[in-house]
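Colleague: below: sequence and its predicted model.
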Amino acid sequence: MTDRSLWKLSVRELAEAIRSRSTTARAVVDAHLARIEEVNPVVNALTVVFADRARSHADEVDRRLDEGEEVGPLAGVPFTVKENIDLTWSATTSGWPFLAEAVPAQDATLVRRLLEAGAIPVGRGNMPDWGLRWDTDNDLFGRTINPWDPSRVPGGSSGGDAVAVATGMTPLGLGNDYGGSLRLPAYAAGVCALRPSAGRIPAPMVEVTEPVALSLQFFAVNGPIARRVDDLDTAFGLMHGADGSDPTAVTIPHPSSYDGPKRVAVVRDPLGWGVDPQVAAAVDRAAAALASAGWEIVEAEPPMIEEAATLWRQISTTEMVGAFLPGALPMPLSEGSTQYFLDNAKETTVLESGQEYGGAWARRALVAGAWEKFQAQYPIVLGPVSARRMPEIGFDLSGPAATTELWKAHRLLVTVNFLGLPSVALPTGLDDDGLPTGVQLIGPRNGEHVALAAARAVEAALGTLTPVDARQAVVA
């Protein structure tokens, strides 16, 4: 393999190649920077590129290796960082022009832990402002393009990092997931993502300096995007655990394997609300792969999905509606994010009183208890990431009814957020139109290793789809 094609390798392959000195960290970084220069103008996935800094870090890794010094397990491996995760040399903009100069004083814990492992940031991933859309577009950086079909959205809100991984600009991206924001863009891009359990990876900001909404504490998590399931495991193994700053973060052992019951509940069409035929076929392929690997497959729907998805929508809308009152924000959000939120609010019952709001959170315990009992019997739930293929650009802004249609399509996606469960999204091949298909494998609470084990079995049978040449899709 030539130096210029190093961008095709996985995280683990790159780490081993650098450590064994079959290549250098500088060659790896240069190959990815060349790939960025070639592809990013087409897809606009990365907002900022740290070329000089990345080369300097790579040279330091090579010097240490040449002198026989110890280096971290990911020494020389590139990664990207979403626009709402703190880096000391780059503004944490969240895709919002108001924050274009907001450079933090410290690195977020998950970034610091990868830096300590020797990994090298090469750029930032684009996102919708404030993460408010299942698309990736904002007034500060513009639109990220789906590398498989430029007429369709790339998903959001971690769309920039997912597209960067899919197109070979990085083997690893860091994002977060409040309502599917890791798994949905991974599904759109044909890559893998791990949404960890709530509290497993510390917050994207350095420290808590003001009150944090309950939904952010319970629904939102940080996690990795990669082209291989093993790379998700590697990144999670380095990033998880309490940090003495995030009061919601916990330290729980992360087993390297899973030897418990191998039973899978398969739900092709959650609640019977309908799925695209390509989606149902993807679930069937994943179920067959798991069955061939020795997993017991049972047709069974987890409990209370409609209530979980409805409460997720009501709580998240209620907590954010005040931000859209006149003068509440220092400057307006983009027209797209504003329209989407207000259209969604028209379709949602906002919880007007403290009693209603408190009652919604109280109901969460009932839903979580029902799922806990269900997953004691079926440790893995296999189902769609979305009940539909990725929509065309602009669909989410086509009126209030469109926001409800998207929410229904994502009913299982947001149920996972509502319950704080771990889930791995991964590809299952291409459909007849050449678009990625995919599924999610939902593990029990704090059972990332269970979801990852099931995902490995699916990946072993169905393979990977990326890196993809985005230029062909855009020209086509």
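Modeller: Sure thing, it's come through. Numbering: from 1, shown residues only.

Colleague: shouldn't residue 131 be in contact with residue 93?
Modeller: No. Using C-beta atoms under 8 Å, residue 131 is not in contact with residue 93, being 11.6 Å away. In this view, the C-beta of every residue, glycine as well, is placed from N, C-alpha and C.

Colleague: for the residue most central in space within the chain, what are phi and psi?
Modeller: For the chain, the residue nearest the mean C-alpha position is residue 182 (1.6 Å; C-alpha atoms, centre = their mean). Phi and psi for residue 182, reported as degrees, to the nearest 10, are phi -100, psi -50.

Colleague: give me the number of residues near the residue lying closest to it once chain neighbours are set aside?
Modeller: Leaving aside its chain neighbours, residue 182 sits nearest to residue 193 (4.1 Å; criterion: C-beta to C-beta, 6 or more residues apart in numbering). Residue 193 is flanked by 32 other residues according to other C-beta atoms under 10 Å.

Colleague: what's the answer for residue 282, then?
Modeller: With other C-beta under 10 Å as criterion, residue 282 counts 25.

Colleague: now do it against residue 453, distance only.
Modeller: According to C-beta to C-beta, to the nearest Å, residue 282 and residue 453 sit 20 Å apart.

Colleague: and if you look at residue 285?
Modeller: To residue 453, residue 285 is 18 Å away according to C-beta to C-beta.

Colleague: so which of those two has more stuff around it?
Modeller: residue 453 (26 against 17).

Colleague: just checking, the more buried one touches residue 255?
Modeller: No. Using C-beta under 8 Å, residue 453 is not in contact with residue 255, being 9.3 Å away.

Colleague: is it fair to say residue 466 lies in a strand?
Modeller: No. Residue 466 is assigned coil when assessed by DSSP: H, G, I helix; E, B strand; the rest coil, not a strand.

Colleague: so what's the closest residue to it other than its chain neighbours up against?
Modeller: Of all residues not flanking residue 466 in the chain, residue 166 sits nearest, at 4.6 Å (C-beta to C-beta, 6+ apart). By C-beta atoms under 8 Å, 6 or more residues apart in numbering, the contact list for residue 166 reads 147, 189, 190, 191, 227, 466, 467, 468, 470.

Colleague: would you agree residue 397 is in contact with residue 340?
Modeller: Yes. Look at residue 397 against residue 340 with C-beta under 8 Å: they come within range, at 6.2 Å.

Colleague: all the strands of the stretch 201-350 of the chain, residue numbers only.
Modeller: 221-226, 263-266, 296-299 (DSSP state E, counting those that start in this stretch).

Colleague: oh, I was asking about the stretch 351-476 of the chain
Modeller: Going by DSSP E, counting those that start in this stretch, the stretch 351-476 of the chain shows strands at 380-383, 423-430, 436-442.

Colleague: out of those, the one nearest residue 115 is which?
Modeller: Residue 115 lies closest to strand 423-430 among these, at 24.9 Å (C-beta to C-beta).

Colleague: which helices and strands does that closest one pack with?
Modeller: helix 183-189, strand 192-195, helix 229-239, helix 277-292, strand 436-442, helix 448-462 (3 or more C-beta pairs under 8 Å, 6 or more residues apart in numbering; DSSP states H and E).

Colleague: ok, back up a step: anything in contact with each of residue 131 and residue 93?
Modeller: Common neighbours of residue 131 and residue 93 (C-beta under 8 Å, 6+ apart) are residue 84.

Colleague: ok, residue 266 - contacts?
Modeller: Residue 266 touches 283, 287, 297, 298, 299, 300, 382, 383, counting by C-beta under 8 Å, 6+ apart.

Colleague: need the contact list for the residue nearest to residue 337 when sequence neighbours are not counted.
Modeller: Nearest residue to residue 337, sequence neighbours excluded (C-beta to C-beta, 6+ apart): residue 132, at 4.3 Å. Residue 132 is in contact with 157, 320, 333, 337, 340, 341, counting by C-beta under 8 Å, 6+ apart.

Colleague: I'd like the distance between the fifth one and residue 156.
Modeller: So that's residue 340. 10 Å.

Colleague: okay, those two: which has more neighbours?
Modeller: The residue with more neighbours, out of residue 340 and residue 156, is residue 156; 29 against 23, by other C-beta under 10 Å.

Colleague: follow-up on the earlier one: the contacts of residue 166: which two are farthest apart?
Modeller: It's 227 and 470 that sit farthest apart of those, by C-beta to C-beta, at 14.3 Å.

Colleague: looking at the two, which one has more neighbours?
Modeller: residue 227 (29 against 25).

Colleague: and that one, how far from residue 466?
Modeller: For residue 227 relative to residue 466 (C-beta to C-beta), the value is 5 Å.
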